[in-house]
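A.B. asks: Curious how this folds, go ahead:
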Amino acid sequence: MTDRDDQRSGNSTPEHDLVPVGTPIDLDNCAREPINIPGSIQPRGVLVVVREPDFEVRQLSANVEELLGKSVDEVLGRHLSAVIGVEQAAKLVQAASTFGSLSTRNPHECLIDVAGELKMFDAILHREPGGVLLIELEIADGERPFSYPNTYQAVRSSIEELNATATLSELYDTAARAVRDLTGFDRVMVYRYDQEYNGEVVAEAKREDLNSFLGLHYPSTDIPAQARALYEKNWIRLISDVDYTPAPLVPAIDPDSGAPLDLTYATLRSVSPIHVEYLQNMGVHASMSISLLRHGRLWGLIACHHYSGPHLPPFGSRAAAEFLGSTLSLRLVDRFEDDRLHKRLHAQAVLGKLTVATLNDAIPLSAALLGDPNLLDLVPADGVAVQLQGEHRVHGSVPPPAVVAAVAAWARRADDEIAGTDRLSTELPALDIDPQLAAGALALNLPEGQYAIWFRSEVLRSVDWGGDPHNKAIAVGEGDHVRLSPRKSFERWRETVHQRSEPWSPSEVESAELLRGHLVESLYRRTRETLRMADTLQRSLLPSSIPTLENWQLSAHYEPAVGGRVGGDWYDAFTIPDGRLVVLLGDVAGHGLTAAGTMAQLRNVLRAHLFTGAAPAEALNRLNDFCTHMMPRTFATVIVARVDLRTGHAEAASAGHLMPFITNAAPTANPAPIVLSPPIGVRGMTYAPSTFTVDPGHGLIMYSDGLVERRDSTIDDGLDRLAETLLGFGDSPASWLSTAMASSDTDDDVTILTLRRED
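C.D. replies: I've put the predicted structure just below:
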């Protein structure tokens, strides 16, 4: 496992999931290893833990005797001067007391008397909460090409080269060469993560005799979650000798807090034994990594390897390399933001043209989106399918309709405005999808089950891994001293990726989301206009007036659905030449302009037959013949009655409509004795005639289903409620009945026609 950290979700491994300090680490628990509190350090220096302001030594590393000639018992609990001498201690006390930010002042050069010999150390100070001060004394008796204050001068020319690069590849290559020149490592790589934290080597500077790692990929499982978060805090990590023996802290637990010491920012922090084994498998003897960040999140690493033995670049060289890494991070952010800006400007231009096209109500919305430019210019893909306002259109290469419908259903189940995947076969495993037609999809969920879906075909690509990424148990133990390791082989292992499309980039998803906002507005505007036209048409076809009758009361009421959804309800009432009254009520399936237009045709055909003397049943027969021949796939329910105003005798017929109520001598309202036949639109039907009489003082009430249907109850419940309401109906108009039965729990029109015979 590499010493890096997974913050894809923005969180490091929860502390309660970490294994206890001192637990043996293997593949089963390495992802939960508490690497920030290892309880030991690398032995190239000494760690001294003091508490300000008295600078009493609270903990220190056990190698103090080996490097400084002082025993643990000799200095533990005493002033810092007992470890490094009075003069050097005074210098560090002064620095700690003077500066709030210690990292910008590191290192402090210290000449320490070790058994009578003055030796050079770099003192690196870091302040922890609660007055704890970490003092790392790192051996510094090697070559020092420049001091820390001269860091910028050391990398000035490299920064100028970075600024002059024209492409990302040049940027990576320049950084790799500059870091190798500064640090002297045998190999320096720029290592970039993808969205799933698989890594790819995108640049390399190395010794000529080394095999190349350029282009190799390393799986995210090589990178424990808790390690990547650590690298977002501490940007550089050095292992000068992978074969080191850790130097434990004494005592192991902070005597004041009773907890292990947090070494997140410690230069000497000991690293995971799994990471050490990982490096040993690669033949690496020394390693250094520098974080590359974008907006504070880990984007990649500059990874340095040394093969010829231990390697300890001086602090100044490491600081210069870290400075270069920070500069590279900034350049990467600039380049990323610049690329994103260009893509965003292009998308905005296309989106603007598409938006203008949707304003033209003379063409269908789907046609506006698939013109020039079209949806594929906004979000590149192989094909796109749209379902808008009852029209289905496709452009480019899309899968069969059944697959499109299945993908649309999958997107709706996502319960979000947009859903996308580059692995449709994983999301819909039961569906036999040809990856050449659809390996990936990006779907916009729009109101009332409408959608726009982009499809991308399979992109076969080869990925060169550093060893087989799927086999974490290749190693076989050779005795008790050999542990299972992540991968014993780092030979190039090629994998061909199937059934995956190019992933949908964040900028593409953003463009799709912006388009969705415009489409919702356009759908609302067009629907509102269509409803206004449908309402105008429907109201124009309803009778402007109804007959005023002697000894009878006739009233009608129409109310569109809540929200303005216009349906296909209509009513009619007129006298024919022989003096009889015709009353009828119908309901066409559907809503909107189409339903209103259909209703207009049915109303006129039926009115013509009834006016010329056809009985209700015969008029329905003729209407049904007209529909099945001239308007296939049209369905409607109709109830018709022809009443002799002298006697109250009524002839009636029903085509699938709810039965009207009649309030005659019975104490309760009852359904009229009319034979029910199927709706209009069923080929070969013959409608049965029925007769009844409306007695003096009673009446006939026709209504549409919007009066009695509710989402939270059955229609039988609604009919029972209507029967009870009619007990107090008396000689009230139809509008009273609508008010008495009113409910917000319906989404249909309400139409009522009442006829009452006076006493």
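
A.B. asks: For the most centrally placed residue in the chain, give the beta-bridge partners.
C.D. replies: The centre of the chain sits closest to Ala419, judged by C-alpha atoms, centre = their mean, with a distance of 6.9 Å. For Ala419, the beta-bridge partners are Ala443 (DSSP bridges).

A.B. asks: Quickly note the distance from it to Leu523.
C.D. replies: Remark: distance between Ala419 and Leu523 (C-beta to C-beta, to the nearest Å) = 19 Å. Quick note: C-beta positions are derived from backbone N, CA and C, even for glycine.

A.B. asks: Pro248 now?
C.D. replies: For Pro248 relative to Leu523 (C-beta to C-beta), the value is 68 Å.

A.B. asks: For the residue in the chain sticking out farthest from the centre, list the residues it contacts.
C.D. replies: Here the centre of the chain is the reference, and by C-alpha atoms, centre = their mean the most remote residue is Arg646, at 71.4 Å. By C-beta atoms under 8 Å, 6 or more residues apart in numbering, Arg646 lies in contact with Gly579.

A.B. asks: Confirm that it sits in a strand.
C.D. replies: No: looking at Arg646 with DSSP: H, G, I helix; E, B strand; the rest coil, it is coil, so not inside a strand.

A.B. asks: Just the buried residues of whatever helix or strand Ser425 lives in, please?
C.D. replies: Per DSSP states H and E: Ser425 is located in helix 424-427. Buried residues in helix 424-427, counted by 16 or more other C-beta atoms under 10 Å: 424-425, 427.

A.B. asks: Double-check the residue nearest to the centre of the chain against Ala408; I have them as touching.
C.D. replies: No: shown here, Ala419 and Ala408 do not form a contact pair, counting by C-beta atoms under 8 Å, at 9.7 Å.

A.B. asks: quick one: Lys353 is in a strand?
C.D. replies: No: assessed with three-state DSSP, Lys353 is helix; it does not lie in a strand.

A.B. asks: what residues are up against it?
C.D. replies: Going by C-beta under 8 Å, 6+ apart, Lys353 touches Pro373.

A.B. asks: Please work out the average pLDDT along stretch 135-143.
C.D. replies: If you average the pLDDT over stretch 135-143, you get 82.

A.B. asks: gap between that stretch and the chain center?
C.D. replies: Per C-alpha atoms, centre = their mean, to the nearest Å, the displacement of stretch 135-143 from the mean C-alpha position of its chain is 49 Å.

A.B. asks: All further residue positions should be reported with the first residue as 13.
C.D. replies: Understood, numbering begins at 13; the last thing we discussed is stretch 147-155.

A.B. asks: List the buried residues of that stretch.
C.D. replies: Of the residues in stretch 147-155, 147-152 count as buried by neighbour count, 16+ other C-beta under 10 Å.

A.B. asks: would you list those residues in a markdown table and tack on secondary structure and distance to Pro745?
C.D. replies: Output for the buried residues of stretch 147-155, formatted as a markdown table (DSSP: H, G, I helix; E, B strand; the rest coil; distance: C-beta to C-beta, whole Å):
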| residue | secondary structure | distance to Pro745 |
| --- | --- | --- |
| Ile147 | strand | 95 |
| Glu148 | strand | 93 |
| Leu149 | strand | 99 |
| Glu150 | strand | 97 |
| Ile151 | strand | 102 |
| Ala152 | coil | 102 |
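
A.B. asks: before we move on, back to that, what separation do you get for the residue farthest from the centre of the chain and Tyr463?
C.D. replies: Distance of Arg658 to Tyr463, computed by C-beta to C-beta: 60 Å.

A.B. asks: any idea how this protein splits into domains?
C.D. replies: Domain assignment for the chain, taken from automatic domain parsing, gives 30-347, 371-472+512-542, 554-769.

A.B. asks: what's the closest of these to His354?
C.D. replies: domain 371-472+512-542 (9.7 Å; C-beta to C-beta).

A.B. asks: out of Pro260 and Leu535, which sits in the busier spot?
C.D. replies: Leu535 (18 against 15; other C-beta atoms under 10 Å).

A.B. asks: what helix or strand is the more buried one on?
C.D. replies: Per DSSP H and E: helix 518-553 holds Leu535.

A.B. asks: What of Ala631?
C.D. replies: Take DSSP H and E as the rule and Ala631 turns out to sit in helix 628-642.

A.B. asks: Check which helices and strands the helix or strand just after that helix is in contact with.
C.D. replies: Under the assignment DSSP H and E, the closest C-terminal helix or strand after helix 628-642 is strand 648-655. Where contact means 3 or more C-beta pairs under 8 Å, 6 or more residues apart in numbering; DSSP states H and E, strand 648-655 is packed against strand 593-603, helix 604-623, helix 628-642, strand 661-667, strand 711-715.

A.B. asks: per-residue confidence averaged over the helix holding Leu535?
C.D. replies: Taken as a whole, helix 518-553 has a mean pLDDT of 76.

A.B. asks: show me where pLDDT drops low in the stretch 663-771 of the chain?
C.D. replies: For the stretch 663-771 of the chain, applying pLDDT under 70 flags the ranges 677-678, 756-759.

A.B. asks: all strands of it, in order?
C.D. replies: In the stretch 663-771 of the chain, the strands defined using DSSP state E, counting those that start in this stretch lie at 673-675, 682-683, 688-689, 702-705, 711-715, 762-769.

A.B. asks: mind listing what's buried in stretch 309-322?
C.D. replies: 310-319.

A.B. asks: Mind picking the one among those residues that's closest to Thr624?
C.D. replies: For the buried residues of stretch 309-322, the minimum distance to Thr624 (C-beta to C-beta) is 82.3 Å, reached by Trp311.

A.B. asks: Who are the contact partners of that closest one?
C.D. replies: Counting by C-beta under 8 Å, 6+ apart, Trp311 touches 204-205, 304-305, 341, 344.

A.B. asks: From these, which shows the smallest pLDDT?
C.D. replies: When the contacts of Trp311 are compared by pLDDT, Leu344 scores lowest at 74.

A.B. asks: I'd like to know how many residues surround it.
C.D. replies: Leu344 has 21 neighbours, counted by other C-beta under 10 Å.

A.B. asks: And for Leu596?
C.D. replies: The tally of other residues near Leu596 (other C-beta under 10 Å) stands at 26.

A.B. asks: Also Val600?
C.D. replies: 27.

A.B. asks: Can you show me the strands along the stretch 63-212 of the chain?
C.D. replies: If DSSP E, counting those that start in this stretch is used as the criterion, the strands of the stretch 63-212 of the chain fall at 68-73, 120-126, 129-140, 144-151, 199-205, 211-218.

A.B. asks: could you dump the ones you listed to a markdown table with distance to Asp255?
C.D. replies: Conversion of the strands of the stretch 63-212 of the chain to a markdown table gives the following (distance: least, C-beta to C-beta, whole Å):
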| stretch | distance to Asp255 |
| --- | --- |
| strand 68-73 | 18 |
| strand 120-126 | 24 |
| strand 129-140 | 22 |
| strand 144-151 | 17 |
| strand 199-205 | 18 |
| strand 211-218 | 22 |
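
A.B. asks: and Thr610, which of the ones you listed is closest to it?
C.D. replies: Across these, Thr610 has its closest neighbour in strand 199-205 (59.0 Å, C-beta to C-beta).

A.B. asks: buried ones in that closest one?
C.D. replies: Neighbour-count burial for strand 199-205, counted by 16+ other C-beta under 10 Å, picks out 199-205.

A.B. asks: Just name the closest of the contacts of Trp311 to Thr737, please.
C.D. replies: The nearest member of these to Thr737, counting by C-beta to C-beta, is Tyr205 at 68.7 Å.

A.B. asks: residues touching that closest one, list them.
C.D. replies: Tyr205 makes contact with 211-212, 232, 310-312 under the criterion C-beta under 8 Å, 6+ apart.

A.B. asks: possible to save those as TSV with distance to Pro518 and pLDDT?
C.D. replies: Shown next, in TSV, are those (distance: C-beta to C-beta, whole Å; pLDDT from 0 to 100):
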residue	distance to Pro518	pLDDT
Gly211	20	82
Glu212	19	85
Ser232	19	74
Leu310	17	81
Trp311	14	83
Gly312	17	84
